[in-house]
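>>> sequence and predicted structure, then a few things I'm wondering about:
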Amino acid sequence: MTTDASDRSTLPSILVPSMPDTTETVRPYAELVRDGDARRVWMGQSLKVETHQVFAHLAGAGVRVPVGTSVTLMPLRHPYEAALQARSLALTTGHPVVAGYGVGAPAFVRSLVGRPYDSPRTMAAEYLRTVRSLLDGEIVDHAGDYHALRGRLMPMEHARVEVGVGVLRPNMARTAGGVADVAITWMTPPGYVAETLIPALDEGAKNRDTRCRVATVVHVAVDRPKRDPYVLAHTAAAGHLSADHYTDMLRRAGVAADPADPQAGAAALVDSGTYVYGSADHIAGVLAGYRDAGVDEVILNCGGVLFTEGQDAALQDAREIVEAVRRRDGRG
């Protein structure tokens with residue numbers, strides 16, 4: 001079953017959970033969106049086939065769909081290049097783009113620029129503000145702590161580009177609230193979004209007319225014979241569960257997580273319902289809870305299934321979950 005683009009606002013989006021070796025790896029995810037089975041296709045930073053080039057290739061091959069980056073890393077490109085790449089995707093796809101950025105881990109930043117950023121929040125605010133201004137056609141004259149620019153993009157008409165930033169904790173949420181169009185969260189329980197992140201976004205947005213949207217990546221898997229949700233969760237999230245900033249966020253949200261013990265953290269994800277496992281209808285109900293908590297766009301991450309059973313199984317889960325969302329919304 002397909003859904004008109006105007007009727008997709010409550011459908012989940014779909015994340016490509018791995019760095020692709022070829023553009024063809026991403027095509028089935030984009031086709032889900034093209035065929036009306038998802039709202040938008042998202043990719044993170046790929047250090048194999050570069051993220052923007054994957055989307056541009058698919059658009060050139062005729063698969064033109066809404067796309068998002070969750071997230072590409074600021075140290076890799078100057079904000080002028082970032083704005084140019086984002087706008088190019090809007091031009092080549094003909095659809096809205098969410099250009100999501102992240103500061104990057106301190107070790108990654110050091111490897112590219114020589115030392116970690118003294119203030120990641122200041123870096124993010126400067127970067128996002130410059131990218132947004134360029135996309136709005138403004139002339140930017142900026143000499144800040146982390147970049148300098150005097151110039152503008154050549155004027156062109158294009159589909160809307162929203163500027164997003166990765167958000168896990170209240171401080172970055174305040175920054176996002178002041179400068180971003182979309183706060184992109186990952187593995188954040190709905191109660192934490194509603195009670196911690198959205199108030200911080202609102203605080204940051206006190207001098208703006210509107211609050212930025214919230215897009216949340218949610219780990220999901222359909223309950224099937226021989227599947228073990230604890231194994232799936234650990235397979236999908238062990239890297240994040242070994243990171244201080246992710247585990248700190250989870251503890252703030254009431255999920256026991258210690259970077260020294262990602263296996264126990266994975267069990268806590270399942271037991272708390274943060275890793276959403278069950279029937280497709282059960283998952284649809286949990287996703288509705290995210291929407292009730294203030295999440296504007298839910299992004300399905302079927303990585304646990306992808307890494308254990310392959311892409312076909314992961315895509316099948318995604319299709320069944322979207323169908324269950326439709327049924328719940330009375331559109332089945």
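Received, thanks.

>>> list the contacts for Leu153?
Contacts for Leu153 (C-beta atoms under 8 Å, 6 or more residues apart in numbering) come out as Tyr80, Ala83, Leu84, Arg87, Leu134, Leu135, Gly137. For the C-beta atoms, the positions are set from N, CA and C on the backbone; glycine is no exception.

>>> relative to Thr247, which of those residues is nearest.
Nearest to Thr247 among the contacts of Leu153: Ala83, at 33.2 Å, using C-beta to C-beta.

>>> give me the neighbour count for that closest one.
25 (other C-beta atoms under 10 Å).

>>> so which residues of the stretch 201-332 of the chain form helices?
229-241, 244-252, 262-272, 280-292, 303-309, 311-328 (DSSP state H, counting those that start in this stretch).

>>> now those helices in TSV, with distance to Met154?
Below are those laid out as TSV (distance: least, C-beta to C-beta, whole Å):
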stretch	distance to Met154
helix 229-241	39
helix 244-252	38
helix 262-272	46
helix 280-292	39
helix 303-309	39
helix 311-328	38
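
>>> and of these, who's closest to Leu112?
helix 244-252 (18.7 Å).

>>> Thr274 - how many residues pack around it?
Thr274: 23 neighbours (other C-beta under 10 Å).

>>> same check on the one 5 residues further on?
Ser279 is surrounded by 14 other residues when neighbours are defined as other C-beta under 10 Å.

>>> could you pull out the helices for the stretch 51-200 of the chain?
Under DSSP H, counting those that start in this stretch, the stretch 51-200 of the chain gives helices at 51-60, 79-93, 106-113, 120-135, 170-179, 190-192, 198-204.

>>> before we move on, back to that, buried only: go through the contacts of Leu153 for me.
Tyr80, Ala83, Leu84, Arg87, Leu134, Leu135 (16 or more other C-beta atoms under 10 Å).

>>> any idea which of the helices of the stretch 201-332 of the chain gets closest to Gly60?
Nearest of these (C-beta to C-beta): helix 311-328, 22.1 Å.

>>> mind listing what the residue nearest to Pro262 when sequence neighbours are not counted touches?
Leaving aside its sequence neighbours, Pro262 sits nearest to Leu241 (C-beta to C-beta, 6 or more residues apart in numbering; 3.7 Å). Residues in contact with Leu241 (C-beta under 8 Å, 6+ apart) are His234, Thr247, Ala257, Pro259, Pro262, Gly265, Ala266, Leu269.

>>> same question for His234.
Counted by C-beta under 8 Å, 6+ apart, His234 has contacts Leu241, Pro262, Gln263, Ala266.
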